[in-house]
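Colleague: compute the structure for the input listed below.
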Amino acid sequence: MDRLQNIETFVRVAQTQSFAEAARQLRVAKSVVTTRIKQLEEYLGAPLFHRSTRVVRLSELGQAFLGDCMELVGRANDVVDHMRDARGKPAGTLRVHALTGFVVGHFGALLREFQTAYPDIRLELVVSDAVVDPVKAGVDCALQIFPAASTELVSRPLFAVRRVFCATPEYLAQSGMPDNPRDLHEHRLGLYSGYPTRDRWTFYDGNGAELTTYLQAALLTNSVHLLREYALEHAGIVCLPTLVAGEAIREGRLQIVLPEYQLSSFRLSAVYAGTLRNAFKLELFIEHIRSAFTRVPPWDAGLIDAGLLPEKLIEA
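Modeller: Numbers count the residues shown, from 1 in each chain. I've put the predicted structure just below:
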C-alpha cells in the first residue's frame with residue numbers, strides 16, 4: 001500500500017465529496033479511488049466516509065483525520081518541488097481556472113514567458129466566467145474578481161480591475177451623451193450579469209459623492225467580450241472592464257460615457273486552498289503575474305496617460 005498516495009486520494013474525495021470527481025481529478029478509474037480508500041480504512045480499522053448512492057460525507061474519524069492529511073500532502077508536494085528547484089528544474093502540472101475577460105488578449109505572452117522560464121511545468125488552463133471553488137473544481141488556483149467562497153481559501157490580490165460605461169461615437173451622436181448616471185435609463189444598456197450588486201449601481205463624482213441608481217439591461221450576459229462586440233455594433237451603452245475595452249477606447253472606436261463619474265473597481269486575485277499541493281509551482285506562477293502587471297496595469301496606464309481615466313482608484 002502506498003500510504004501517501006492513499007492519503008492524497010482520501011483528501012481529494014473529502015474535498016470534492018465525490019469518488020467519481022476525485023477519480024477525474026486524479027486521472028484514474030473510480031475503482032482505483034475506491035480501492036485506495038478501502039486500503040486506508042482497513043489500515044486504520046474504521047470507515048473514513050459514510051456513503052450512499054447520492055451522498056459522500058466524512059465519518060467522525062475522517063473529520064479528525066482530514067486536517068493533518070491535507071497538511072501532509074501539501075508538505076510532501078512542496079518538498080518534492082523544492083528538491084526539483086534545487087536542481088534548477090521545477091516540474092509537474094499546474095492547474096489554473098481563469099476569467100475569460102483576463103485571458104483573452106492579455107495572457108498568451110505571459111504564458112509563453114512563464115514556460116520559457118520553467119519549461120518542465122505543464123499548464124492546464126480552464127477558461128470560464130464561472131465563479132468556482134478551486135478545491136472542488138480540481139484546480140490549484142482560480143484567477144477571479146470575486147471574494148473567496150470559504151475561509152479555508154487564501155486570496156492573493158494581483159491588480160485592480162476598473163470598469164467604465166462606454167459606447168461608440170456613432171451611437172452617442174445619434175442617441176446623445178448622458179450627463180448624469182440617471183440619464184442611462186433613457187438608453188439601451190448592455191450589462192454583465194455576474195456582479196454581486198446585480199441591478200444596483202453606485203457612481204462616484206469627482207468629490208467622492210455617491211449616486212446610486214438601479215439599471216435595467218436590454219442585454220444581460222456573462223460575457224464581457226460579447227458586450228464589447230454589442231457596443232461596437234452601435235447597439236447601446238455597455239459597462240466593460242478596461243482590460244477588455246482599453247484598446248478600443250484608445251483607438252477611438254469606443255468612447256467613455258460619464259467620464260466625470262467613477263465606478264468602484266474590483267481586484268483580480270489568485271484564490272487557492274491554504275493547505276495546497278503544488279504550492280511552490282503556484283508561488284512561481286503568481287509572482288510571474290504580479291511582476292508582469294505592476295501596480296497600474298498597461299491597459300489602464302495608457303488611458304491614464306491620455307487623460308481618459310483618473311489615476312485614483314475607488315475600491316469596491
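
Colleague: where do the strands sit along the stretch 201-316 of the chain?
Modeller: 210-214, 219-221, 237-241, 255-257, 262-263, 266-273 (DSSP state E, counting those that start in this stretch).

Colleague: parallel or antiparallel, which strands does the last one pair with?
Modeller: In this case it means strand 266-273. When pairing is defined by DSSP bridges, strand 266-273 lines up against strand 141-144 (antiparallel), strand 153-161 (antiparallel).

Colleague: show me what counts as buried in that strand.
Modeller: Buried residues in strand 266-273, defined by neighbour count with 16 or more other Cβ atoms under 10 Å: Phe266, Arg267, Leu268, Ser269, Ala270, Val271, Tyr272, Ala273. For the C-beta atoms, the positions are set from N, CA and C on the backbone; glycine is no exception.

Colleague: looking at the strands paired with strand 266-273, spot the one closest to Val132.
Modeller: The closest of these to Val132 is strand 141-144. By Cβ to Cβ, the value is 5.3 Å.

Colleague: output the helix or strand Asn6 falls within as CSV - backbone C-alpha positions only.
Modeller: Assigned by DSSP states H and E, Asn6 belongs to helix 3-16. Only the C-alpha atoms of helix 3-16 are listed here, as CSV (Å, rounded to 0.1, in the frame of the first residue of the first chain):
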residue,chain,number,x,y,z
ARG,A,3,0.2,5.3,2.2
LEU,A,4,0.9,8.8,0.8
GLN,A,5,-0.9,8.1,-2.4
ASN,A,6,-3.9,6.8,-0.5
ILE,A,7,-3.9,9.7,1.9
GLU,A,8,-3.8,12.1,-1.1
THR,A,9,-6.8,10.2,-2.6
PHE,A,10,-8.7,10.5,0.8
VAL,A,11,-8.1,14.3,0.8
ARG,A,12,-9.4,14.6,-2.8
VAL,A,13,-12.5,12.6,-2.1
ALA,A,14,-13.2,14.6,1.1
GLN,A,15,-12.7,17.9,-0.7
THR,A,16,-14.9,17.0,-3.7
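
Colleague: can you list the buried residues in that helix?
Modeller: Gln5, Asn6, Ile7, Glu8, Thr9, Phe10, Val11, Arg12, Val13, Ala14, Gln15, Thr16.

Colleague: residues contacting the fifth one?
Modeller: Read that as Thr9. Ala22, Leu26, Val33, Arg36, Ile37, Leu40 (Cβ atoms under 8 Å, 6 or more residues apart in numbering).

Colleague: isn't the fifth one up against Glu8?
Modeller: No - Ile37 lies out of contact with Glu8 (Cβ atoms under 8 Å); the separation is 11.3 Å.

Colleague: distance to Ser59 and mean pLDDT added to the strands of the stretch 201-316 of the chain, as TSV?
Modeller: Conversion of these to TSV gives the following (distance: least, Cβ to Cβ, whole Å; pLDDT from 0 to 100):
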stretch	distance to Ser59	mean pLDDT
strand 210-214	48	94
strand 219-221	44	96
strand 237-241	45	97
strand 255-257	57	97
strand 262-263	48	94
strand 266-273	22	89
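
Colleague: to Val104, which of those lies closest?
Modeller: From the strands of the stretch 201-316 of the chain, taking Cβ to Cβ, the stretch that ends up closest is strand 237-241, at 11.6 Å.

Colleague: who does the closest one pair up with?
Modeller: strand 163-167 (antiparallel), strand 189-192 (parallel).

Colleague: so how many other residues sit close to Ser155?
Modeller: Using other Cβ atoms under 10 Å, Ser155 has 16 other residues around it.

Colleague: could you tell me the per-residue confidence at it?
Modeller: pLDDT, Ser155: 89.

Colleague: isn't it up against Val271?
Modeller: Yes - using Cβ under 8 Å, Ser155 makes contact with Val271 at a distance of 5.1 Å.
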